[in-house]
Structures are given as C-alpha cells and as structure tokens.
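1. Here is my input; please provide its structure:
(one chain, ligands or ions: 1)
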Amino acid sequence: MRTPVAGSARLEIDARPFVFQAPLYATALVIIDMQRDFIEPGGFGASLGNDVGRLEPVIPVARRMLDAWRAFGGLVVHTREAHRPDLADCPPAKRLRGNASLRIGDPGPMGRILIAGEPGNQIIDALAPIAGELVFDKPGKGAFHATGLHQQLATRGISHLLFMGVTTEVCVQTSMREANDRGYDCLLVEDATESYFPEFKAATLAMITAQGAIVGWTAASARVLDGVHA
Ligand code: C5J
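-> So this is what the prediction gives:
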C-alpha cells in the first residue's frame, strides 16, 4: 500500500518555462510504456526499424525518479500499450499501416507483438509496478483513450501529473496533451523520457513549453527532486 503523503508536502520545481507548483498529495507520477516491446530487441519498436538501444539511458534516471517518488509516498501510475489477444481493440488502420517486419499480434521472439500478457508486453524489471500502484493497459497512444485513468485520478483528487517514459513524441506527448485537455497541470521529466529520434524529442520539449506552457512544463529529474519540499 501507498504511504499516506504528508498534507503539507509541496512541489516547487525550477522548471521551463516557469516554476511548477503543486501539493504532493495531488500529484501523480505517470510512467508511460516502459515495456520490453519498446526498449528491447525483438519487440514492436524494433519491428518498425528503430534502434531500441537509444532508449536505454533513460532507465536508470526513471528508476531514480520512481524510487524517490515511492519514498515520498506519491501516487504512481504505469501504462502499457497493449491489445487484446483477439485484436478487437486494434483498428486495422493501426495494425496494417506501414512496412513493419512484424505487425501487432504477430508472433515474435518475446511472444506476440504488443499483446497484453505476452512477455514482450511487460514493463521492464527495473521499473516493475509494486502493490498500490495503478497499471493501465491502453489500446491507443494516449493514456486517457479507452482507459479508466481520468476517473481513477479524479477519485484520488489528483490535479497535477509528472510524466516520464517512451516514446517522447508519440505516447508520452499524446498522453500529456490528453491530460492537458482534461484540466491537469503536467510536467515532463526531460531526462526520464526518450525517443528513437533525438530531433523529435527536442521538438516535443520545445512545443510543450512554448507560448507560456501551452501544453505544460519540463524539468530535469534533478530539478524535480530538488523541488520536493517535505
Ligand atoms: C509508439 C509509444 N511509439 N509508447 N508507442 O508507438 O510511444
């Protein structure tokens, strides 16, 4: 179970484009799709021709953030991009697009690609969820589409979200934009997210913070952790 968060604990993070403030009890850490399917050879990311090794450096940073957040007693949410074994939640437009070497549902070296319950679909061991943390399987890129995430956050009085995970410009950015439209204040942890394309990560960070935080805030993990005042 989650340790109750002290009522007076606050976040005051030296973020871009300006300070991000939130009560700790109203803030959740949302970890997007840190799954073998995206990070290890033989999964969905590799089947699309990506260099999955590019995502590895994010793992120790995400782990440090997760350990700290658990110690603070904050709510942790994990997502997995996952489809039902019968593919009823996978539109043909998603499955058939492009020229992948293996498509969603095809058997691969880590089991069926992007299918719930398969070995490749699991969150990597370093970031595996523990009791008391929320885990959502999502059939889309965004964490709010066809999941109960918004309701679960509302039930817990969560109004602020810290995002980490992969990939920056696809599932992370989509989820952050969905959250923004639902009224959450969102911060993306810069060194705890990664893309197969460095230029897309850079563009995403710039887009988020432009125009006075039009989508939200960004900050390095060290600044986030320095900004927690118990
Ligand atoms: C992708 C994701 N890149 N988790 N999914 O297809 O970003």
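2. Which stretches in this protein count as helices?
-> Applying DSSP state H to the chain gives helices spanning 36-39, 44-47, 58-72, 92-95, 149-155, 173-181, 198-213, 221-226.
3. Can you say which of these is packed in most?
-> Compared across those, helix 36-39 shows the largest average neighbour count, a mean of 26 (mean count of other Cβ atoms under 10 Å). For the C-beta atoms, the positions are set from N, CA and C on the backbone; glycine is no exception.
4. For stretch 7-21, list every residue counted as buried.
-> Neighbour counts over stretch 7-21 (16 or more other Cβ atoms under 10 Å) mark 9-11, 13, 15-16, 20 as buried.
5. circling back: could you dump the helices of the chain to TSV with mean pLDDT and distance to Gly120?
-> Converted to TSV, these look like this (pLDDT from 0 to 100; distance: least, Cβ to Cβ, whole Å):
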stretch	mean pLDDT	distance to Gly120
helix 36-39	98	5
helix 44-47	97	8
helix 58-72	98	16
helix 92-95	97	16
helix 149-155	98	23
helix 173-181	98	21
helix 198-213	98	23
helix 221-226	98	27
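6. For Ala126, which of those is the nearest?
-> Closest to Ala126 of the helices of the chain is helix 58-72 (Cβ to Cβ; 5.2 Å).
7. How about residues contacting that closest one?
-> Outside helix 58-72, the residues that touch it by Cβ atoms under 8 Å, 6 or more residues apart in numbering are 5, 9, 24, 29, 31, 34, 39, 76, 124, 126-127, 130, 162, 164-166, 189, 191-194, 221, 224-225, 228, 230.
8. Check the offset of that helix from the chain's centre.
-> Computed by Cα atoms, centre = their mean, to the nearest Å, the chain-centroid distance of helix 58-72 equals 13 Å.
9. partners of the most centrally placed residue in the chain in the sheet?
-> Relative to the mean C-alpha position of the chain, the nearest C-alpha, by Cα atoms, centre = their mean, is the one of Ile32, at 1.8 Å. In this entry, Ile32 is beta-bridged to Thr79, Gly165, by DSSP bridges.
10. Return the residues in contact with it.
-> Taking Cβ under 8 Å, 6+ apart, we find Ile32 in contact with 79, 143, 163-166, 171-172, 175, 193.
11. how much space is there between it and His229?
-> 26 Å (Cβ to Cβ, to the nearest Å).
12. ok, now Gly42?
-> 43 Å.
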